[in-house]
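Student: next come a sequence and a model predicted from it.
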Amino acid sequence: MEPPPDVAVVMVPLPCQSHLNQLLQLSIQMVSYGLSVHYIGSATHNRQAKLRTNGLKPNAMSKIQFHDLPTPPIAAPDPDPNSFNKVPVHLWPATEAYMNLRQPIGSLLEELSSKTRRTVIIYDRMVSEAVRDAVLLPNAESYAFNCLSAFNLFFILWEAMEKPFKVEGELRHIPSMKEFIPEAALDFIVSNTIEERAGDIHNTSIVVEKTYIDLMAREEISGKKQQWAIRPSLPTNFSSKNGTESRHKCLKWLDKQAPRSVIYVSFGTTTSLTDEEAGELAMGLEQSKQKFLWVLRDADKADIFAGEARRIELPDGFEERVKEDGMVVRDWAPQLEILAHERFYEPLWLEFVL
């Protein structure tokens, strides 16, 4: 029988695709160092995370220990494409369900801590309440993981705290976050803080966001907690030729295009376009005569496996007219492989993720 691992790392994500994926990517990096990594959540969202892996090899995935926690059925209302703002409030049932996992998460953490010298909890700062009992364990330490840019999170916190100190530069000219995000959502972001955490982890590069990492470290914002910028937790040596035997049809289409000629258009997994908005964008792409790859999907539901997603309608004949210059992808797209493709034109990457 093998001795118990010296350190156990527990990942607690927010049940939203970009958040699930970032902590899954970080999990892969950690198991590569021989650490024991436990990824926890509902069976639905663990299934989602594994189904939508971006460039992760099966043998690396097999080293992560997934824990499906008992979760009541999660409501899955349809996203509202006509909403005035694009904040994905339809995902709230999933977030609320995770807030109610405090007891099973606490039990699992207690069990792991009894078998290891040190238990490290890395949790999405949006689900702080779910891991609040972690600070009671004598051999545990916790870190809040931030999936937003350091700039974005700092500005939200700084403004919510009524701008406790002056800053120079572009922040002076940025409109209030209240113009873009409902006040209840801002309050939720600000209130999800565990004072006893060991520090904050940011999925960004110090080269790009040093100014805001330093501002996040100030006592008024984080109580002088240590701030780590770990660079984007995505594979840096990824190739669009990975898994050539089962490559997506859009990659085969890209193969036929001239080098650095194609723009990529995506609005992420939380934004729903109306048919009218999609039609306007389609008209612009068609008239531009620019090669494009457009991922056109409705926003994820709180449970992506609950019923069919809405199909966004495009102008009659659009896809046939542009088939020589563009391609519309309506299923799950291999984004990393697309961005790694030599036909992809980096300066014209048009991705919008809210």
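Tutor: Okay, I see it. Residues are numbered from 1 along each chain as shown.
Student: by mean pLDDT, point me to the weakest helix or strand of this structure.
Tutor: Using mean pLDDT, DSSP states H and E, the weakest-scoring helix or strand in the chain turns out to be strand 344-351, at a mean of 50.
Student: what does stretch 296-315 rub up against?
Tutor: Applying CB atoms under 8 Å, 6 or more residues apart in numbering, the set of residues contacting stretch 296-315 from outside is 15-17, 44, 47-48, 74-79, 81, 88, 90-94, 269-273, 275, 278-279, 282-283, 328-332. In short, each C-beta sits where N, CA and C put it, glycine included.
Student: for Asp200, which three-state class applies?
Tutor: For Asp200, the reduced secondary structure class is strand; criterion used: DSSP: H, G, I helix; E, B strand; the rest coil.
Student: what is the neighbour count of it?
Tutor: Burial of Asp200 is recorded as 23 neighbouring residues (other CB atoms under 10 Å).
Student: wait, doesn't it sit right on Ile230?
Tutor: No - with contacts counted by CB atoms under 8 Å, Asp200 stays clear of Ile230, the gap being 10.8 Å.
Student: okay, now Ala278: neighbour count?
Tutor: When counting by other CB under 10 Å, one arrives at 21 neighbours for Ala278.
Student: Pro334 now?
Tutor: Other residues within reach of Pro334, judged by other CB under 10 Å, total 21.
Student: swap in Gly169?
Tutor: The local packing count at Gly169 equals 8, with neighbours defined by other CB under 10 Å.
Student: for it, which residues are in contact?
Tutor: Gly169 makes contact with Thr211, according to CB under 8 Å, 6+ apart.
Student: what do you get for Val131?
Tutor: For Val131, the set of contacting residues under the criterion of CB under 8 Å, 6+ apart consists of Val12, Arg102, Ile105, Leu109, Ile121, Tyr123, Ser142, Ile194.
Student: roughly how far does the fourth one sit from Ile189?
Tutor: Looking back up the chat, that one is Leu109. In this structure, Leu109 and Ile189 are 24 Å apart, going by CB to CB, to the nearest Å.
Student: out of the two, which sits in the busier spot?
Tutor: Leu109 (24 against 18).
Student: what about that one, helix or strand, and which?
Tutor: Assigned by DSSP states H and E, Leu109 falls within helix 102-113.
Student: what's that helix in contact with?
Tutor: Contacts for helix 102-113 (CB under 8 Å, 6+ apart): 8, 10, 12, 38, 40, 67, 69-70, 119, 121, 129-134, 137-140.
Student: try it again with 10 Å
Tutor: Judged by CB atoms under 10 Å, 6 or more residues apart in numbering, the contacts made with helix 102-113 from elsewhere in the structure are 4-5, 8-10, 12, 36, 38, 40-41, 65, 67, 69-71, 98, 101, 119, 121, 123, 127, 129-134, 136-140, 142.
Student: select only the buried ones of the residues you listed in PyMOL?
Tutor: Buried residues within these, by 16 or more other CB atoms under 10 Å, are selected in PyMOL with:
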select buried, resi 5+8+9+10+12+36+38+40+41+67+69+71+98+101+119+121+123+127+129+130+131+133+134+137+140+142
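Student: inside helices: which ones of the contacts of helix 102-113?
Tutor: For these, the ones inside helices are Tyr98, with DSSP state H as the criterion.
Student: how far away is Lys249 from Asp325?
Tutor: Lys249 sits 16 Å away from Asp325, taking CB to CB as the criterion.
Student: repeat for Leu293
Tutor: Using CB to CB, we find Leu293 at a distance of 10 Å from Asp325.
Student: shared neighbours, these two?
Tutor: Common neighbours of Leu293 and Asp325, counting by CB under 10 Å, 6+ apart, are Gln257, Val262.
Student: more neighbours: those two, which one.
Tutor: More neighbours sit around Leu293 than around the other of Leu293 and Asp325, counting by other CB under 10 Å; the figures are 23 against 16.
Student: doesn't that one lie inside a strand?
Tutor: Yes - remark: Leu293 belongs to a strand, assigned using three-state DSSP.
Student: contact partners for it?
Tutor: Contacts of Leu293 were listed using CB under 10 Å, 6+ apart, and they are 250-251, 253-254, 257, 262-266, 326-329, 333, 338, 341, 343-344.
Student: swap in 7 Å and give it another go.
Tutor: For Leu293, the set of contacting residues under the criterion of CB atoms under 7 Å, 6 or more residues apart in numbering consists of Cys250, Leu254, Val262, Tyr264, Met327, Val329, Ile338.
Student: which single one of the residues you listed is nearest to Ser27?
Tutor: Of all those, Ser27 sits closest to Ile338, with 23.0 Å by CB to CB.
Student: chain center to the helix or strand containing the closest one: distance?
Tutor: Under the criterion of DSSP H and E, Ile338 resides in helix 335-340. Centroid displacement of helix 335-340 relative to its chain, using CA atoms, centre = their mean, to the nearest Å, is 16 Å.
Student: let me see the mean pLDDT of that helix.
Tutor: With pLDDT averaged residue by residue, helix 335-340 scores 84.
Student: how about it as CSV, C-alpha atoms only?
Tutor: Provided in CSV are the C-alpha atoms of helix 335-340 (Å, rounded to 0.1, in the frame of the first residue of the first chain):
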residue,chain,number,x,y,z
GLN,A,335,-10.7,27.1,-29.4
LEU,A,336,-7.1,26.4,-28.5
GLU,A,337,-6.5,24.4,-31.7
ILE,A,338,-8.1,27.3,-33.7
LEU,A,339,-5.9,29.9,-32.1
ALA,A,340,-2.8,27.7,-32.6
